[in-house]
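Participant: okay, predicted coordinates and the sequence, questions at the end:
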Amino acid sequence: MEDSEQSSAYTVTQAMNAAKRGLEKIRLTVIGEVSEFNDKPGYKAAYFTVHDDDCSMPCLMWRDRYNASGVTLQAGMLVELTGNFSCYPAKGRLQFSVASMQVAGEGKLRMQVAQLARKLEAEGLMDASRKRRVPPLPQRIAVVTSPRGKAVHDVIRTLRRRYPLGELLICGVPVEGQDAPARIIQGLEAACAATPAPDVILLVRGGGSYEDLMPFNDESLARAVAASPIPVVTGIGHEPDNSICDMVSDRRCSTPTAAAEAIALSTEELSNKLANAQDALRRSVENYMQVQQAQLDRLLDRPLWHDTHYLTGSYFQTLDAMEERLLRAIPDALRADAHALELLKGRLLNLGPHLCDGFGRDIALCATKLDALSPLKTLSRGYSITYAADGHSIVDSVQHVNDGDHIQVQVQDGRLACTVNAIEREAHV
């Protein structure tokens, strides 16, 4: 008997593995609030704890399943988990192995709104650079809201008290229900199409639950607000509430009353502002006139306006001094030039007789050379020159004449007319 009992006993490992196999057959869907979350880099799973008012349950979700769920866990988030119980034999710890997960209740709505907000932000619809300036003193104001809600009365009362100068255009639309986003878009379109066009549009709604404000988180409505050709100011819910329409509008206010106060100054504020501007303008003009008067006084104190020779006196004195210098300089220069001329005249007279000495010797030498080379000199020594019958061509060879040709022979004192009777040729040496 004792042997049979001992043989049926489990080791600790066997017992834990048996418990693990049994627990993994239990598949459940659980809703709970996340109280702890541990997602350290390098972990193969995300570890967290969910709880309700009475109990808590440790959970794990393998990394691939956690990333595929699209949910970023945070403490306080309400989640819906589907999976099975398991245990970790090495530590003897019970845990819930999560196969799938989604945000539950309002948390799911908030996650969807957050995803839409990130999408529109990535498109640039929330950039501060695209938000337009609201006119400081709008003449025509359109209000898109429920005609029966408290918000429209708050806006009317606030504008009547603060800014009765503006003309009010009410575009009544439902702000709750499934059709609310489409009807609000129609209200925006009607406000933009009004003639004359409003200077600003107030999109307002009173407070409510998160689900009540969901129409203002609609993507189509948010895009319509962003695309409005007229600046849109939102006042949706109360201070903590922040919708997608608030994010893409040109200006976000916490409440409808705050939105009405933001678009225009009160008459008292406007009066104070005008009074301050008037005082500032008066002081500015007075200061300007004082500065200009001081400059004028300084100009009037200048000698220019009291002494007619103030500008020309120095020039006249300079002119007189130059005239005096010129009168002294001309006679001195003439005397100096006359003296220099006398000196040059004396030098010229001294050098004059000797200037042609060299030229005379050159001329005599050239004349001697010319006389030695002259044909007349040769003729005087008994030589003659023979010309042809024309009297110009010199006959320097017997080959140039024939028997019977008439020739002229030039001698020292005249020419002889001759006729060639015979030609005797001499052999060349």
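Facilitator: Looks like it came in fine. As the structure is a prediction and not an experimental result, all values here were calculated from the model.
Participant: show me the longest helix that occurs in the protein.
Facilitator: helix 313-351 (DSSP state H).
Participant: report the buried residues of the helix or strand just after that helix.
Facilitator: With elements assigned by DSSP states H and E, the helix or strand that comes after helix 313-351 is helix 357-373. Going by neighbour count (16 or more other CB atoms under 10 Å), nothing in helix 357-373 comes out as buried. (Glycine included, C-beta is placed from N, CA and C.)
Participant: quick one: mean pLDDT over helix 357-373.
Facilitator: The average pLDDT within helix 357-373 is 78.
Participant: just the C-alpha atoms of that helix, please, in PDB.
Facilitator: C-alpha atoms of helix 357-373 as PDB (Å, rounded to 0.1, in the frame of the first residue of the first chain):
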ATOM      1  CA  ASP A 357      82.800 127.600 -88.500                       C
ATOM      2  CA  GLY A 358      82.300 123.900 -88.600                       C
ATOM      3  CA  PHE A 359      79.800 124.100 -91.300                       C
ATOM      4  CA  GLY A 360      82.100 126.300 -93.500                       C
ATOM      5  CA  ARG A 361      85.000 123.700 -93.200                       C
ATOM      6  CA  ASP A 362      82.600 120.900 -94.100                       C
ATOM      7  CA  ILE A 363      81.300 122.900 -97.100                       C
ATOM      8  CA  ALA A 364      84.900 123.600 -98.400                       C
ATOM      9  CA  LEU A 365      85.800 119.900 -98.000                       C
ATOM     10  CA  CYS A 366      82.700 118.800 -99.900                       C
ATOM     11  CA  ALA A 367      83.400 121.400-102.600                       C
ATOM     12  CA  THR A 368      86.900 120.100-103.000                       C
ATOM     13  CA  LYS A 369      85.700 116.600-103.400                       C
ATOM     14  CA  LEU A 370      83.000 117.700-105.800                       C
ATOM     15  CA  ASP A 371      85.400 119.600-107.900                       C
ATOM     16  CA  ALA A 372      87.800 116.600-108.000                       C
ATOM     17  CA  LEU A 373      84.900 114.400-109.200                       C
END
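Participant: what ranges in this protein fall below the confidence cut-off?
Facilitator: Where the chain drops to pLDDT under 70, the residues are 1-7, 105-109, 427-429.
Participant: which residue ranges of it form helices?
Facilitator: So, for the chain - with DSSP H - the helices run 2-8, 12-23, 63-69, 106-122, 150-162, 180-193, 219-227, 244-248, 256-263, 267-300, 313-351, 357-373, 375-380.
Participant: ok, now how distant is the one residue sitting closest to the centre of the chain from D250?
Facilitator: Nearest to the mean C-alpha position of the chain, by CA atoms, centre = their mean, lies S129 at 16.0 Å. The gap separating S129 from D250 is 12 Å, by CB to CB, to the nearest Å.
Participant: between the helices of the chain, which one is nearest to G235?
Facilitator: helix 256-263 (3.0 Å; CB to CB).
Participant: any idea how far that closest one is from the middle of the chain?
Facilitator: Helix 256-263 sits 37 Å away from the centroid of its parent chain (CA atoms, centre = their mean, to the nearest Å).
Participant: hang on, the earlier thing: run the chain-centre distance for the longest helix of the chain.
Facilitator: Averaged C-alpha coordinates place helix 313-351 at 70 Å from its chain's average position (CA atoms, centre = their mean).
Participant: wouldn't E261 be in contact with V155 here?
Facilitator: No. Look at E261 against V155 with CB atoms under 8 Å: they stay out of range, at 9.7 Å.
Participant: the more surrounded of the two?
Facilitator: V155 (24 against 20; other CB atoms under 10 Å).
Participant: spatially, what comes nearest to the more buried one if we skip its sequence neighbours?
Facilitator: A260 (4.5 Å; CB to CB, 6 or more residues apart in numbering).
Participant: can you give me the neighbour number for the one you found?
Facilitator: 29.
Participant: got the contact list for it?
Facilitator: By CB atoms under 8 Å, 6 or more residues apart in numbering, the contact list for A260 reads D154, V155, T158, L159, R162, L202, V204, G235.
Participant: may I have the beta-bridge partners of the last one?
Facilitator: I take that to be G235. V204, C253 (DSSP bridges).
Participant: from what I see, it and L202 are in contact.
Facilitator: Yes. Counting by CB under 8 Å, G235 does reach L202; the two are 6.8 Å apart.
Participant: against I244, how distant is the residue nearest to the centre of the chain?
Facilitator: 19 Å.
Participant: one more: K25?
Facilitator: 45 Å.
Participant: out of those two, which sits in the more crowded spot?
Facilitator: I244 (26 against 8).
Participant: wait, that one touches K119, no?
Facilitator: No. Using CB under 8 Å, I244 is not in contact with K119; the gap is 9.9 Å.
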